[in-house]
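Engineer: missing the sequence, but the structure's below:
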């Protein structure tokens, strides 16, 4: 690009929007990691989980013993994330994932920049969010039991969004859970406490997705004036490649997840 201040502004490349998918946990995690490994441009997607699912962080090796009956009863799926962090219950929530090919190498700076679009979206709903201030630790099995500098909280401290990262070859996958209406009884059964007491959003469904997408296109750190956003669902060859990864995310000793179509 010319450094002449009078020259026209160039179109700053492309980014990809993948329309929302409702799938099982192994599929969702496989899609996120596959995009990190293969995407040729930045990617944003929002998605939901086909069934209530407990996801474990990549390094979280032990299950709380009282989780086993809930899993064995068949009302809860279990999956391992490729990213770190503690356990997350995916139910009554919306999940986001973004692929950032050239993030700043300081991880905390990457979190600050990669969460701005979420802060802008909630500010548009008159619900400002700030970063948490607690230190990460292993005392709690639940991701939402703490609010660290990777999380976004309401002014009263209620945690709305928990995020995690996976870095590979200088590229970043950041994905996270946006709590909407978490199921109180299941949350209590898993974590021995109630979910955060959250204010109503005033938007739901397609309207909420539309707002989040618009704020992503405006405020994601890789967004630039003139950037073209491609609305591109997963293609058949992509689904086939992703399917080959599914076993990576199914913790050993449990029945395989029923195959799903994208």
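Structural biologist: Looks like it arrived, so ask away. Quick caveat: nothing in here was measured; it's all calculated off a predicted structure. Numbering: from 1, shown residues only.

Engineer: Could you list the low-confidence segments of the stretch 1-150 of the chain?
Structural biologist: In the predicted model of the stretch 1-150 of the chain, residues 1-12, 134-146 satisfy pLDDT under 70.

Engineer: Between the two ends of stretch 155-163, how far is it?
Structural biologist: 18 Å (Cα to Cα, to the nearest Å).

Engineer: Okay, buried residues for it please.
Structural biologist: Of the residues in stretch 155-163, those scored as buried under the neighbour-count criterion (16 or more other Cβ atoms under 10 Å) are 158-163. Any C-beta I mention is one placed from the backbone N, CA and C, and that applies to glycine too.

Engineer: so where do the helices sit in the stretch 151-262 of the chain?
Structural biologist: Ranges of helices within the stretch 151-262 of the chain are 184-191, 205-219, 236-243, based on DSSP state H, counting those that start in this stretch.

Engineer: ok, of the ones you listed, where does mean pLDDT dip lowest?
Structural biologist: Ranked by mean pLDDT, these bottom out at helix 184-191, with a mean of 94.

Engineer: For it, list every residue counted as buried.
Structural biologist: Judged by neighbour count (16+ other Cβ under 10 Å), helix 184-191 contains these buried residues: 186-187, 189-191.

Engineer: of those, closest to residue 119?
Structural biologist: Using Cβ to Cβ, residue 187 is the member of these that lies nearest residue 119, at 24.8 Å.

Engineer: burial of the residue nearest to that closest one when sequence neighbours are not counted, as a residue count?
Structural biologist: In space, not counting the residues next to it along the chain, residue 187 is nearest to residue 195; the distance is 4.5 Å by Cβ to Cβ, 6 or more residues apart in numbering. By other Cβ atoms under 10 Å, the residues close to residue 195 number 22.

Engineer: wait, isn't residue 195 in contact with residue 184?
Structural biologist: Yes. Under the criterion of Cβ atoms under 8 Å, residue 195 lies in contact with residue 184, with a separation of 6.3 Å.

Engineer: hmm, who's touching the helix or strand containing residue 113?
Structural biologist: With elements taken from DSSP states H and E, the one containing residue 113 is helix 107-114. Judged by Cβ atoms under 8 Å, 6 or more residues apart in numbering, the contacts made with helix 107-114 from elsewhere in the structure are 98, 100, 103-104, 131, 149-150, 163, 165, 167, 172, 174, 220-221.

Engineer: Residue 218 is in contact with residue 117, correct?
Structural biologist: Yes. Shown here, residue 117 and residue 218 form a contact pair, counting by Cβ under 8 Å, at 7.3 Å.

Engineer: For the two, indicate the residue with more neighbours.
Structural biologist: Counted by other Cβ under 10 Å, residue 117 and residue 218 do not tie: residue 117 has more neighbours, with 22 against 12.

Engineer: Can I take it that that one is in a strand?
Structural biologist: No. With DSSP: H, G, I helix; E, B strand; the rest coil as the criterion, residue 117 is assigned helix and is not in a strand.

Engineer: show me what contacts it?
Structural biologist: 212, 215-216, 218-220.

Engineer: out of these, which is most surrounded?
Structural biologist: Each of the contacts of residue 117 was scored by neighbour count (other Cβ under 10 Å); the top score is that of residue 216, with 24 neighbours.

Engineer: give me every residue that touches that residue.
Structural biologist: Here residue 216 is in contact with 44, 98, 117, 223 (criterion: Cβ under 8 Å, 6+ apart).

Engineer: swap in residue 217?
Structural biologist: Applying Cβ under 8 Å, 6+ apart, the residues near residue 217 are 15, 17, 223, 227, 229.

Engineer: mind running it again at 6 Å?
Structural biologist: residue 229 (Cβ atoms under 6 Å, 6 or more residues apart in numbering).

Engineer: What are the buried residues along stretch 195-208?
Structural biologist: Buried residues in stretch 195-208, counted by 16+ other Cβ under 10 Å: 195-196, 198, 201, 203, 208.

Engineer: that older thread, ok, the buried residues of stretch 155-163 vs residue 53, which is closest?
Structural biologist: Where the buried residues of stretch 155-163 are concerned, and distances follow Cβ to Cβ, residue 53 has its nearest neighbour in residue 162, at 14.6 Å.
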